[in-house]
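**Q** I would like to see how this sequence folds:
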Amino acid sequence: MLTHITAELGRAEISGNTVTVELGRCETPAPPVIETGRVFVLGKTPDDDLDIFINGELAARGSVETSGEYLSVKITEFTGAAIGGFEIGGAVPLNAKPRDLAAVFADGKPAAKGEVVVLDGRFAVRIAEVM
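**A** Sure thing, here's the model as predicted:
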C-alpha cells in the first residue's frame, strides 16, 4: 500500500474560489515516516509548470514568479474549460513568500511543513515541522 505525499507551494482566495498551487507529489510506502529532516523528492523539476487547483480540481498549469515580496503563479494553460475570472498569462497572487515553508500532505491530510530544495534536478521538500 502506498501513501501519496504532496507539497503545496501556496494558496489564494479569489472571487470565492480557493486556488492552490501544487509543487509536486510522490508515493511512499504506507504508513509514511514523516519526521524532521526527512526528504521527499517530488516529480516536478524547476522548469516544469506547476499544477493549479481551483476548489480542489486540477484546472490549469503555470509558472512561479515573484510579485513584490510574495509569490504568484502565471497561468500558462488550462487543463479543461477556462475558468471565469482567470486567463492565460494572468498572474494569481499567493499567500506565500519565497522562503516560506511548503505545506506537506499525506493522502490529502495536513502532515508537515517543509523547506523546498532541489535534489538531482527535481523539487524536494525537507521536513522542518511535523503536524
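**Q** contacting residues around the spatially most central residue of the chain?
**A** With distances taken as CA atoms, centre = their mean, residue 22 lies nearest the centre of the chain, 2.2 Å away. Residues in contact with residue 22 (CB atoms under 8 Å, 6 or more residues apart in numbering) are 6, 7, 8, 9, 50, 51, 52, 53. (C-beta placed from N, C-alpha, C; glycine too.)
**Q** Just checking: what are the partner strands of the helix or strand hosting the first one?
**A** Residue 6 belongs to strand 2-14 when assigned by DSSP states H and E. Partners of strand 2-14 in the sheet, by DSSP bridges, are strand 17-29 (antiparallel), strand 102-106 (antiparallel).
**Q** Buried residues, that strand. List them.
**A** Buried residues in strand 2-14, defined by neighbour count with 16 or more other CB atoms under 10 Å: 3, 5, 6, 7, 8, 9, 10, 11, 12.
**Q** can you list contacts of that strand?
**A** If you take CB under 8 Å, 6+ apart as the criterion, strand 2-14 is touched by 18-32, 40, 42, 50, 64, 71, 73, 85, 92-96, 100, 102-108, 111, 114, 116, 123, 125.
**Q** Mind giving me the PyMOL select for those residues, buried ones only?
**A** Buried members of the contacts of strand 2-14, defined by 16+ other CB under 10 Å, are picked up in PyMOL with:
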select buried, resi 19+20+21+22+23+24+26+32+40+42+50+64+71+73+92+93+94+96+100+102+103+104+105+106+111+114+116+123+125
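**Q** re the thing from before, between the buried residues of strand 2-14, which sits nearest residue 130?
**A** residue 5 (13.1 Å; CB to CB).
**Q** Residue 48 and residue 38: what is the separation?
**A** The gap separating residue 48 from residue 38 is 23 Å, by CB to CB, to the nearest Å.
**Q** Count residues in the vicinity of the spatially closest residue to residue 85 that is not a sequence neighbour, would you?
**A** Spatial nearest neighbour of residue 85, excluding adjacent residues (CB to CB, 6 or more residues apart in numbering): residue 15 at 5.0 Å. Using other CB atoms under 10 Å, residue 15 has 9 other residues around it.
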